[in-house]
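Chemist: I'd like to go over a predicted model; first the sequence, then the structure.
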Amino acid sequence: MITELPPTPRTVEELAAHVGGMVIGDKDRQITRCNGLTSAGTADISFLSNHKYAAHLNTTRAGCVVVGKDTVYMQRNDGWEPALIQTEDPYYSFRQILVLLHGFRAHPQIGISPLAVVAKSARIGERVNIHPFAVIGENVEIGDNTNIYPHVAIMADVRIGRDCIMYPSSVVYDQCVLGDRVILQAGAVVGCDGYGFATHQGIHNKIPQIGNVVLGDDVEVGSNTVIERAAMESTLIRAGTKLGNSVVIGHNCRIGEHNLLVSQVGIAGSASTGHHVVLAGQVGVAGHLHIGDMVRAAAQSGIAQDIAPNKDIGGTPSMDLKHARRVYMHFMQLPDLVKRLREVESELADLKNKSQP
């Protein structure tokens, strides 16, 4: 069950031991909470994983900073010396410390509210919390320790695993399946009809969408994200994948394990991805194509063809990221290039005129 740990002061040495790090500086300093580098106080711990912000290490008032093993500490002139914890992966280490000091959001243990509507045929596990005005349909199955917040709608024949969290106004359509530890942020929609129409004599005729959506274990779905049910079979989001806010997954898509799909990504129907694919904000993916394992697409990329594994891509249409950067550098210089071209054309015309008898 997800619980929230009370903030308990820890020494720098204790925190370093928790993440397997090495202390530089005052190992006995007491730390009570986590904070950003620019906002932290002397009892706070922060982190530095992006060297773009390295200058803040010389001005932060943090009591301790988690850094990479390649970070070089510079002597400061203001009299304050934050302790450092050096680790292989400072971002992940800080995450571990954040969990230790603050824990996760605590969920009220209210049981099943009398103001919720729960079908008699629903099978509800142990220690499940169902808040007021949630609606649980016929033959729904809900695993232990799951939390369902107000105005959640779960339609008939849905199966939901253990330790799931469904925030207010999220919706799961009929016959969909959610694994363990799935999180639906507020307003998420799982299993709405896919965008399927047969146009005949100028009329768009709706095609019944008779499939479902299957979410693997540890999938998180952002606010106002929509996952369409399959026309037939299943739209599949495999284990560990995280969808940002306002993402749209078309019907019959198959999204691989541990993908990161950032806000406003749109994937058209029947597309698929391999494992550990990263699509940055506003990436668009055409239908019926495959994106290979470990592909990373820069923001606003337009993917219109299959992408081989282990590629970094960008641009519209998408291309190798290094090539895309050169293309867009030239694109930004187009007005000057056009001006120079016209000057050259004018000079050539003058030379041609002078050469004529």
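Modeler: Okay, I see it.
Chemist: which sections of this protein are below the confidence cut-off?
Modeler: Low-confidence segments of the chain (pLDDT under 70): 1-7, 73-74, 357.
Chemist: quick check: domain ranges of it?
Modeler: What automatic domain parsing lists as the domains of the chain is 10-102, 170-317, 324-355.
Chemist: among the ones you listed, which is the most enclosed?
Modeler: Mean neighbour count (mean count of other CB atoms under 10 Å) peaks for domain 170-317 among these, with a mean of 20. No exception for glycine: its C-beta is placed from N, CA and C like everyone else's.
Chemist: show me what contacts the spatially closest residue to residue 251 that is not a sequence neighbour?
Modeler: Nearest residue to residue 251 in three dimensions, chain neighbours excluded: residue 194, at 2.6 Å (CB to CB, 6 or more residues apart in numbering). The contact partners of residue 194, taken as CB atoms under 8 Å, 6 or more residues apart in numbering, are 209, 211, 228, 229, 230, 231, 235, 250, 251, 252, 269.
Chemist: element containing residue 194?
Modeler: Taking DSSP states H and E as the definition, residue 194 sits outside all helices and strands.
Chemist: how far away is it from residue 158?
Modeler: For residue 194, the distance to residue 158 equals 18 Å [CB to CB, to the nearest Å].
Chemist: Kindly provide the distance from residue 140 to residue 117.
Modeler: Counting by CB to CB, the separation of residue 140 from residue 117 is 11 Å.
Chemist: go on, residue 299?
Modeler: Residue 299 is 42 Å from residue 117, by CB to CB.
Chemist: Same check on residue 354?
Modeler: Residue 354 is 90 Å from residue 117, by CB to CB.
Chemist: Ok, residue 233 next?
Modeler: For residue 233 relative to residue 117 (CB to CB), the value is 31 Å.
Chemist: ok, now residue 152?
Modeler: On the measure of CB to CB, residue 152 and residue 117 end up 11 Å apart.
Chemist: For the two, list the residues in contact with both.
Modeler: Common neighbours of residue 152 and residue 117 (CB under 8 Å, 6+ apart) are 134, 135.
Chemist: Between these two, point out the one with more neighbours.
Modeler: residue 152 (24 against 14; other CB atoms under 10 Å).
Chemist: Sort out which of the contacts of residue 194 are in strands and list them.
Modeler: 228, 235 (DSSP state E).
Chemist: Just name the closest of the contacts of residue 194 to residue 327, please.
Modeler: residue 250 (28.2 Å; CB to CB).
Chemist: Quick one: residues contacting the nearest residue to that closest one once chain neighbours are set aside.
Modeler: The spatially closest residue to residue 250, leaving aside those adjacent along the chain, is residue 269, at 3.6 Å (CB to CB, 6+ apart). Residue 269 is in contact with 194, 195, 196, 228, 231, 250, 251, 252, 253, 287, 288, counting by CB under 8 Å, 6+ apart.
Chemist: give me every residue that touches the fifth one.
Modeler: Residue 231 is in contact with 194, 196, 207, 208, 209, 210, 211, 251, 252, 269, counting by CB under 8 Å, 6+ apart.
Chemist: Next, give phi and psi for residue 58.
Modeler: phi -90, psi 0 (degrees, to the nearest 10).
Chemist: Shouldn't residue 84 be within a strand?
Modeler: Yes: using DSSP: H, G, I helix; E, B strand; the rest coil, the assignment for residue 84 is a strand.
Chemist: what ranges do the helices span in the stretch 201-350 of the chain?
Modeler: Counting by DSSP state H, counting those that start in this stretch, residue ranges of the helices within the stretch 201-350 of the chain are 321-332, 334-355.
Chemist: could these be laid out in a markdown table, adding distance to residue 282?
Modeler: Converted to a markdown table, the helices of the stretch 201-350 of the chain look like this (distance: least, CB to CB, whole Å):
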| stretch | distance to residue 282 |
| --- | --- |
| helix 321-332 | 15 |
| helix 334-355 | 23 |
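Chemist: what's residue 23 in contact with, if anything?
Modeler: By CB under 8 Å, 6+ apart, the neighbours of residue 23 are 12, 13, 16, 83, 84, 85.
Chemist: Need the nearest residue in space to the fifth one, chain neighbours excluded.
Modeler: Read that as residue 84. Nearest to residue 84 is residue 24, by CB to CB, 6+ apart, at 4.2 Å.
Chemist: list the contacts for the one you found?
Modeler: 73, 83, 84, 85, 86.
Chemist: and the two most separated of these?
Modeler: 73 and 85 (11.6 Å).
Chemist: on that earlier part again, dump the domains of the chain into a markdown table; add distance to residue 163 as well.
Modeler: Formatted as a markdown table, the domains of the chain follow (distance: least, CB to CB, whole Å):
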| stretch | distance to residue 163 |
| --- | --- |
| domain 10-102 | 15 |
| domain 170-317 | 5 |
| domain 324-355 | 41 |
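Chemist: so which of those gets nearest residue 124?
Modeler: domain 170-317 (14.6 Å).
Chemist: what separates the closest one from the chain centre, distance-wise?
Modeler: The chain centroid and the centroid of domain 170-317 are separated by 13 Å under CA atoms, centre = their mean, to the nearest Å.
Chemist: go on, stretch 110-122?
Modeler: Relative to the centre of its chain, stretch 110-122 is centred 32 Å away, using CA atoms, centre = their mean.
Chemist: what about stretch 105-125, start to end distance?
Modeler: With CA to CA, to the nearest Å as the measure, the first residue of stretch 105-125 is 21 Å from its last.
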